[in-house]
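A.B. asks: Predicted model and sequence below, questions to follow.
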Amino acid sequence: MSQSNTFILGSGSPRRKDLLGEAGYQFTIEPSTAEELHDSDLDVRELTKWNAKLKAEEVASRFPDQIVLGADTLVTIDGQALGKPNTREEALKMIRTLNGRTHQVMTGVCLMRKTPSLLIQHCEVTDVSFKSLSDDELKNYHNLIDPMDKAGAYAAQEHGGVIIEKTNGSWTNVVGLPMEAVKTMLEKLSIYPDPALT
């Protein structure tokens, strides 16, 4: 495995690991310890890009000669960003807000290397429309998944058909990483999937 065709995923997200692995990429995992920015004058699109950069930067400082992929996903509705809930009550409040409405999933992606200097950034936006469900149905859905580690307190890839009516845009973005955009970004650096791994 030549270093030139590999990179570091600066995230402990199992969903991002799975998406990259299924696509055939060779990478190592070094979860970022960077503190995400929450209260900011930045709009949500810029906030995801900023947090993705913060995460990539922290890992790149430890591995300066390697390419690091950082990512940050937020759910947004009415101009308000919904991150990961802190309590089950907050998770239920989030999913009630999204119930029967269309919201946006935004993922900022950052490819960074310290030496020699490299920075490529992107933000992907996908529209997600929820079905109108009763409160009991929302609670039952949360009993099917763990909403605590998911932006917006739901998971498209886990029983997503229960709550999602339709999506417009990148489906993998809703799962956690816009693979179409990531593929284009990595190709600029001559990093390609290994066909033997797909």
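C.D. replies: Received, thanks. Residues are numbered from 1 along each chain as shown.
A.B. asks: Hmm, residue 60 and residue 111 touching each other?
C.D. replies: No - at 9.8 Å, residue 111 does not count as touching residue 60 under the criterion of CB atoms under 8 Å. C-betas here are computed from N, CA, C, even on glycine.
A.B. asks: ok, the two, which is more surrounded?
C.D. replies: Set residue 111 next to residue 60 and count neighbours by other CB atoms under 10 Å: residue 60 wins out with 27 against 24.
A.B. asks: Which positions within the helix or strand where residue 141 lies qualify as buried?
C.D. replies: Using DSSP states H and E, residue 141 sits in helix 135-144. Of all the residues in helix 135-144, those buried under the rule 16 or more other CB atoms under 10 Å are 138, 141, 142.
A.B. asks: With distance to residue 107 and pLDDT as added columns, please give the residues you listed in CSV.
C.D. replies: Below are the buried residues of helix 135-144 laid out as CSV (distance: CB to CB, whole Å; pLDDT from 0 to 100):
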residue, distance to residue 107, pLDDT
138, 24, 95
141, 22, 95
142, 23, 94
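A.B. asks: Can I get the residues you listed in JSON lines including distance to residue 31?
C.D. replies: Below are those laid out as JSON lines (distance: CB to CB, whole Å):
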{"residue": "138", "distance to residue 31": "31"}
{"residue": "141", "distance to residue 31": "28"}
{"residue": "142", "distance to residue 31": "25"}
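A.B. asks: residues touching the residue nearest the centre of the chain, list them.
C.D. replies: Centroid check for the chain by CA atoms, centre = their mean gives residue 176 as the closest residue, at 3.4 Å. Taking CB atoms under 8 Å, 6 or more residues apart in numbering as the contact definition, residue 176 lies against 13, 15, 16, 19, 71, 73, 107.
A.B. asks: how far away is the fourth one from residue 53?
C.D. replies: For residue 19, the distance to residue 53 equals 20 Å [CB to CB, to the nearest Å].
A.B. asks: SS state for residue 36?
C.D. replies: Assigned with DSSP: H, G, I helix; E, B strand; the rest coil, residue 36 falls in the coil class.
A.B. asks: Over to it: give its phi and psi.
C.D. replies: Torsion angles at residue 36 (phi, psi; degrees, to the nearest 10) stand at phi -70, psi 150.
A.B. asks: For it, which residues are in contact?
C.D. replies: Residues in contact with residue 36 (CB under 8 Å, 6+ apart) are 51, 54, 55, 72, 83.
A.B. asks: what helix or strand does the first one sit in?
C.D. replies: This means residue 51. Assessed by DSSP H and E, residue 51 sits inside helix 44-62.
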